[in-house]
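>>> output the structure for:
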Amino acid sequence: VLHGACAVYVVALAGISYALSQAVAGTRFGLPLMWLYCCGTLFAARQLEGLPFRSISPALAFLDSHRGMLRWHIHYNLLILRMLSFACDLHWARHGGRQAGHRAALPAPDSPPRLAPHADPHNLQGSKARVAQSLPLHCYHLPAFLAYVFYPPLYIAGPIITFNSFVAQLASPPQLKVKQVLQYGGRWLLSWCALELLTHTLYFNSIAKYRAWPYLERAGLAVRPVHYAMCAYWVIVFMWLKFLVIWRFFRLAALADGVDPPENMTRCVCNNYTVEGFWRGWHSSYNQWLVRYMYIPLGGSSWRLLNVWVIFTFVALWHDLDVKLLGWAWIMALAIAPEMAIRALGRTSLAARYKGLWVFRQACAAAAAVNIVILMTGNLVGFVVGLDGILPVLQNMVTQAWFVAVVLGSLFCGVQLMFWHEAWRGRSDRVPAAQLRALTAKE
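Down below sits the predicted model:
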């Protein structure tokens, strides 16, 4: 139903991936070969427009009218993430559960005993343990692979779950109460209602997508810089809410089936002021996948200034072969460098002397306000107007100094609220509920 006759492509590519993983996992060039296969087939599928059957043989042209509801080559990008997860987890399992890039650390005297390199999937509890611990080699078999890559609730859009975690949950399902699932479903329903209200009352996404500003001006409307700023803001809110509804719907289906995948959109879009925090809380399950299968093997924090360029470029090409997405990726990677430098400066002994001062807080808020502008600009380039469309938008917004001052001032005030919220949440995690209510009442 989903892919029609094109299901043969999906099954064949997945079958080849399984056979190749079993053949090369654990060898010296096993992981590079699997990455080459997955990325190569993804780019080929996109370039060939899903390989129409008529291009194979005119006798098969009739099958092109039975290609299913979804274009298989568009959704193949999620499939390669699952195939790579299986290959990498199998590769590390054959190396005794040791992941490339991880450094061994001595356990603290009071820390609980660590699990064995090959842990019993029936005894793995907690999401981090299910992801990190390699399974016995006999768990990496064909039925488990097929169940994982074609798991119906998560097949279309995710969230992304690792092979280790999926199999561990099948062996020992998480204890999910019906009340929790129903509450989650109720929250999803409220989010869907909010999305419907937004799409029927605020049309900023359509205005930006179709670049309707000249038409509005010709219709006699006075388009001012404030309208461009409002459009940029509401486009990001729309994107966040749209993906939240999509991902939580499929996660709800998985929860009802007894599988607990990672949550995406872990924080409100209006409560972000760093590039790292924004993407960690946006497509959170994909971020966790990237950290496990790319960031750590590429050297982790030791090579962060370089590996973020590789990772963001991969993310852009993974979404689509589009120049505007590459522009988005490189803006994000470029924004990481000054953010890292400021954070490193904040950890020095010189900065420690000023951390409690009022001036230090204001300086951090000012830097965060600028960072938010960079975040919004990058997302507009990647997902709305493109590289050629962002220049007219910026020109209209920066021509008036007073407008720039108002925007940065508003973001500055918003960041102050974010700082207060972080401090409040940190305090609530440390003090009992009764004391928290007393402290809140005093404030």
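>>> so how far is residue 373 from residue 422?
As for residue 422, its distance to residue 373 is 20 Å (criterion: C-beta to C-beta, to the nearest Å). Backbone N, C-alpha and C define where each C-beta goes, glycine included.
>>> who's more crowded, those two?
residue 373 (16 against 12; other C-beta atoms under 10 Å).
>>> stretch 290-307: which residues count as buried?
Of all the residues in stretch 290-307, those buried under the rule 16 or more other C-beta atoms under 10 Å are 290, 292-298, 304, 307.
>>> can you list the residues that contact stretch 65-75?
For stretch 65-75, the surrounding residues in contact (C-beta atoms under 8 Å, 6 or more residues apart in numbering) are 1-7, 9-10, 45-46, 48-51, 155-156.
>>> 6 Å instead?
2-6, 9-10, 45-46, 50 (C-beta atoms under 6 Å, 6 or more residues apart in numbering).
>>> contacts only, for the residue most central in space within the chain.
In the chain, the residue lying closest to the centroid (C-alpha atoms, centre = their mean) is residue 283, at 2.3 Å. Counting by C-beta under 6 Å, 6+ apart, residue 283 makes contact with residue 264.
>>> list the helices and strands the strand or helix carrying residue 166 packs on?
Using DSSP states H and E, residue 166 sits within helix 163-171. Applying 3 or more C-beta pairs under 6 Å, 6 or more residues apart in numbering; DSSP states H and E, we find helix 163-171 packed against helix 72-94, helix 127-132, helix 142-149.
>>> which of those helices has the highest mean neighbour count?
Greatest average neighbour count among the helices and strands packed on helix 163-171 goes to helix 72-94 (a mean of 22), per mean count of other C-beta atoms under 10 Å.
>>> low-confidence stretches in the stretch 301-443 of the chain?
382-389, 393, 396-397, 427-443 (pLDDT under 70).
>>> which strands or helices does the longest helix along the chain pack on?
Counting residues, the longest helix found in the chain (DSSP state H) is helix 225-256. Judged by 3+ C-beta pairs under 6 Å, 6+ apart, the packing partners of helix 225-256 are helix 152-155, helix 178-201, helix 204-209, helix 358-383, helix 386-398.
>>> before we move on, back to that, which of the helices and strands packed on helix 163-171 comes out lowest on mean pLDDT?
Least confidently modelled of those is helix 127-132, at a mean of 68 by mean pLDDT.
>>> follow-up on the earlier one: check the contacts of stretch 65-75 for burial and list the buried ones.
Buried members of the contacts of stretch 65-75, scored by 16+ other C-beta under 10 Å, are 2-6, 9-10, 45-46, 50.
>>> just give me the closest of these to residue 356.
Among the buried ones among the contacts of stretch 65-75, residue 46 lies closest to residue 356 (C-beta to C-beta), at 52.5 Å.
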